[in-house]
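Chemist: This is a predicted model, with the sequence first.
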Amino acid sequence: MPPLLYLDTARLGRMTPAAKEAQLDFVRLAAEEPSSLYFEQFLRDGFAAWPAVYQRRYRGLATWSGVAGLKQSFQWLANVPRDWPVLLASRSLALVKLATRWMFRVCRHVLVTDLSWPTYQRVLDRGADRAGAAITSVPIREQVFARELSEQGVAEILAERYVANGCDGLFLPAVDHLGIRLPLREIVRRIERRSELRFVFIDAAQALCHVPLDSAVDVADFVVAGSHKWVGAYLPMGIAFVAQRRNARFVRHRLAQLHRTGCLDDPLLRFTQQLDGGKLDDHSETANLTSLFACAGAVADVARRGTLGAEMEVPSIDDVERLVPAPRGDWRFLSPVESMRSRIALFESRSFSASPADALRRQWLTAGRVVSAYPRGRVRVSYPLDAHCVD
């Protein structure tokens, strides 16, 4: 079998060197100094607040600058304004639930597409049911892959359906899990010229450190992402960026509630909000903190590269075929128009359209490629940001 040259980073990212060192040294710290008097100060203020003897012993934690420092690093990473609050949770799903609650407090009818991650869409469906609200879903994926829709075409279809159905909220992925990148700015501008838009919720799980988030930042009220994919922390952690452009008073009120009591059943969200606010609850649930330090290391590695992953170019169609040669069969690369492509490539084979997903994965594994497989003979390949041709 040839060497495995490509990892499906959209499903499970590679851990960066600094993230690995931070995780290892935190585990060692927990084993050797489980009740250190300096630990709370270290969590709040960072590595620099530690005595020199600790700094020498646990050098891998040098990238830790405290909870507030980590949040500022994510603001830089996503290029969001400094006044956008950052929320950290054990899982991105907890933040999706939080955003769904907020959205259906101000919206009665939300527009989505068939590009939504199924788990997130189920959360929205349940939220709409509880609130007595409605959801309209617009199918666009197959038209995009058939190149029947350009950016302008997608924006026009969604704006038309939004107005026709009397919608007042929007949930969209910046990049969907099969690689389609949506023109968020154009979609929102067309909607706002014709109707009221009360809440825009953007799923950036596949976008952070992958493509620029400028269009999401320009239009969103709530952006949710994660650390274990393109960021390179490997360990899962939810990250959210909260704007205060629409319903500002409502958002500020909800953020104040988070500082006082936490929200949902997520101990890391509650802990980081309390620590950031300056006062810990003595009776709060124990939180797993390991992902915080892995994230700090991963962000430091992005900074050391001197460029954001968002600034990496998307490979051309010729590069895709050169970098990721498909195994034998009639595999073809499904590609949207260039402006809607990402570093996630989708391949399809009619010969294997009825094959189980496991059989498709094994076929590509034999050819030295780790992929995610889907129905209809489709597989997804995601190239790391440092992918290059291997002779």
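Modeler: Ah, there it is.
Chemist: Return the set of residues that bridge with Asp203.
Modeler: Following DSSP bridges, Asp203 is listed with bridge partners Pro173, Val224.
Chemist: For Arg190, give me its contacts.
Modeler: 155-156, 158-159 (C-beta atoms under 8 Å, 6 or more residues apart in numbering). (C-beta placed from N, C-alpha, C; glycine too.)
Chemist: Identify the farthest-apart pair in these.
Modeler: Based on C-beta to C-beta, the longest span within the contacts of Arg190 runs between Glu156 and Leu158 and measures 7.5 Å.
Chemist: Can you pick out the residue with more neighbours from the two?
Modeler: Leu158 (26 against 15; other C-beta atoms under 10 Å).
Chemist: show me where pLDDT drops low in the protein?
Modeler: 1-13, 35, 261-264, 277-285, 306-313, 321-325, 329, 384-391 (pLDDT under 70).
Chemist: Show me the domain layout of this structure.
Modeler: By the assignment in automatic domain parsing, the chain contains the domains 67-74+82-254, 312-382.
Chemist: so of those domains, which one's packed in deepest?
Modeler: Highest mean neighbour count among these (mean count of other C-beta atoms under 10 Å): domain 67-74+82-254, with a mean of 20.
Chemist: Show me how far stretch 169-188 is from its chain's centre.
Modeler: 13 Å (C-alpha atoms, centre = their mean, to the nearest Å).
Chemist: Please write out the alpha-carbon positions of it in CSV.
Modeler: Taking Å, rounded to 0.1, in the frame of the first residue of the first chain, the C-alpha atoms of stretch 169-188 are listed here in CSV:
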residue,chain,number,x,y,z
GLY,A,169,-34.1,34.9,10.0
LEU,A,170,-31.2,33.1,8.3
PHE,A,171,-29.0,30.1,9.0
LEU,A,172,-26.3,29.3,6.5
PRO,A,173,-22.8,27.6,6.5
ALA,A,174,-19.9,29.7,5.3
VAL,A,175,-18.5,26.4,3.8
ASP,A,176,-20.6,23.3,3.8
HIS,A,177,-19.1,19.9,4.7
LEU,A,178,-18.9,18.9,1.0
GLY,A,179,-16.9,22.0,0.1
ILE,A,180,-19.4,24.6,-1.2
ARG,A,181,-18.5,28.1,-0.2
LEU,A,182,-21.5,30.4,0.0
PRO,A,183,-21.5,34.1,-1.0
LEU,A,184,-22.8,35.3,2.4
ARG,A,185,-22.4,39.0,1.9
GLU,A,186,-24.3,39.0,-1.4
ILE,A,187,-27.1,36.8,0.0
VAL,A,188,-27.7,39.1,3.0
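Chemist: Identify the residue nearest Leu87 in space, chain neighbours excluded?
Modeler: Leaving aside its chain neighbours, Leu87 sits nearest to Ala240 (4.1 Å; criterion: C-beta to C-beta, 6 or more residues apart in numbering).
Chemist: In what element of secondary structure is the one you found found?
Modeler: strand 238-242 (DSSP states H and E).
Chemist: Could I get the CA-only coordinates of that strand as PDB?
Modeler: This file holds the C-alpha atoms of strand 238-242, laid out as PDB (Å, rounded to 0.1, in the frame of the first residue of the first chain):
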ATOM      1  CA  GLY A 238     -16.700  25.100  20.400                       C
ATOM      2  CA  ILE A 239     -15.900  28.700  19.500                       C
ATOM      3  CA  ALA A 240     -18.500  31.400  18.900                       C
ATOM      4  CA  PHE A 241     -18.300  35.100  17.900                       C
ATOM      5  CA  VAL A 242     -21.200  37.300  18.900                       C
END
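Chemist: which element follows it toward the C-terminus?
Modeler: Assigned by DSSP H and E, the successor of strand 238-242 is helix 248-261.
Chemist: Can you name the residues in contact with that following helix?
Modeler: Helix 248-261 is contacted by residues 85, 87, 102, 105-106, 221, 242-244, 263, 269-270, 273-274, 276-277 when judged by C-beta under 8 Å, 6+ apart.
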